[in-house]
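**Student:** Take a look and give me a structure for this.
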Amino acid sequence: MVNQAADAGVDARQQRFESVFSRERFKGLKAILDSVSPEGDGLWQRVNGVHSYDQLLLGLGYRLTFTKQIHVADCYSRVGPAGGIKVVLPYHDIPTQSSLPTLVNFDATVTTTAKAAAFFNGLFAELKRELSKPE
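**Tutor:** Presented below is the predicted three-dimensional model:
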């Protein structure tokens, strides 16, 4: 009986996470995490267990690296093992009119700008606040 109650609590937290995480506000963060997290990997548990975006990436086996600028159009030509880029995520935040691209690389790094990392770290903190609110 105790296991059923615990399983129900886990299922409820998982459903709450999926509901909050699927909101339009978190679309860019979701795209990044979907690119680095294996399906069914208990992402909500990992989110719950860390305090920042870069800690989460480390927990998923990716190191965050920074570059001054990312030319998205150029990056598409380097997608594939030979170019080193697995996924190009050209995120644009409408409210701030900011271009915040992220590259997921084959060498287990996520390349971004300092501005984009700060943005997604703030978005991660917002996600954590939303998840901690009572239902």
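
**Student:** what about residue 43, neighbour count?
**Tutor:** Neighbours of residue 43 under the rule other CB atoms under 10 Å: 21. From N, CA and C alone the C-beta is placed, and that goes for glycine too.

**Student:** and the gap between it and residue 55?
**Tutor:** In this structure, residue 43 and residue 55 are 14 Å apart, going by CB to CB, to the nearest Å.

**Student:** in this structure, which spans are helices?
**Tutor:** Assignment of helices within the chain using DSSP state H yields the ranges 2-21, 27-36, 43-48, 53-59, 72-76, 114-132.

**Student:** pLDDT on stretch 17-25, on average?
**Tutor:** If you average the pLDDT over stretch 17-25, you get 93.

**Student:** now do stretch 117-126
**Tutor:** 97.

**Student:** Spatially central residue in the protein, please.
**Tutor:** residue 33 (3.2 Å; CA atoms, centre = their mean).
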